[in-house]
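# Just the structure for this:
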Amino acid sequence: MTNLALAEIKELLKQQIREIVFLKNTVMECEACGMGGIQPISPCEPNPCHPGVKCIESLEGPECGSCPDGMEGNGTRCTDVDECSVMPCHMGVRCINTSPGFRCGSCPAGYTGPQVQGVGLAYATANKQ
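Prediction:
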């Protein structure tokens, strides 16, 4: 009985050795053709930054670029800037804050001029209606 059990164990070990040799050869073939090894996952995938903000890989981890024009924040989280706060529209004309940007309503009766719209505080300050 013992000899029969030992023979079965010996056969199982031979089968496992054949499988290990097969796996070793497969790994060696993959490494030889450049497909071996596990590629590191980029800390910027998926992008941890606000949509439209560039993610930069650094030694400290992912870093987010600046928020887009018309927005403020740290790059990970950006919120809309209220360009209407610098009063770009003519007195009595409605300023509509959009995300991002702003636009002025039509000129009041008796006045003519372009309908001002843009993005960012610098633009709103420099381009009054």
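# how far away is the spatially most central residue of the chain from C78?
What sits nearest the mean C-alpha location of the chain, by C-alpha atoms, centre = their mean, is N47, with 2.5 Å. Distance of N47 to C78, given as C-beta to C-beta, to the nearest Å: 13 Å. For the C-beta atoms, the positions are set from N, CA and C on the backbone; glycine is no exception.
# so where do the strands sit in this protein?
Assigned strands in the chain, in chain order: 55-58, 61-64, 71-73, 78-80, 95-97, 102-104, 117-118 (criterion: DSSP state E).
# quick one: low-confidence parts of this protein?
When residues are selected by pLDDT under 70, those of the chain lie in 30-40.
# the helices in it, which residues?
With DSSP state H applied, the chain shows helices at 2-32, 121-126, listed in chain order.
# dump the residue contacts of G52.
By C-beta atoms under 8 Å, 6 or more residues apart in numbering, the contact set of G52 is P68.
# re the thing from before, distance of the residue nearest to the centre of the chain relative to R94?
For N47 relative to R94 (C-beta to C-beta), the value is 36 Å.
# Same question for P88.
Separation of P88 from R94 (C-beta to C-beta) stands at 12 Å.
# The two: which is more packed in?
Shown here are P88 and R94; by other C-beta atoms under 10 Å, P88 has more neighbours (23 against 10).
# That one against C104, yeah?
Yes - between P88 and C104 there is a contact at 6.5 Å, judged by C-beta atoms under 8 Å.
# Need the residues touching each of these two.
With C-beta under 8 Å, 6+ apart, P88 and C104 have common neighbours 95, 116, 129.
# what do P88 and R94 both touch?
Listed contacts common to P88 and R94 are C104; contacts here mean C-beta under 8 Å, 6+ apart.
# Can you say which of the helices of the chain is packed in most?
Most buried of the helices of the chain, by mean neighbour count (mean count of other C-beta atoms under 10 Å): helix 121-126, with a mean of 16.
# Can you give the contact residues for it?
69, 81, 83-86, 88, 102, 118.
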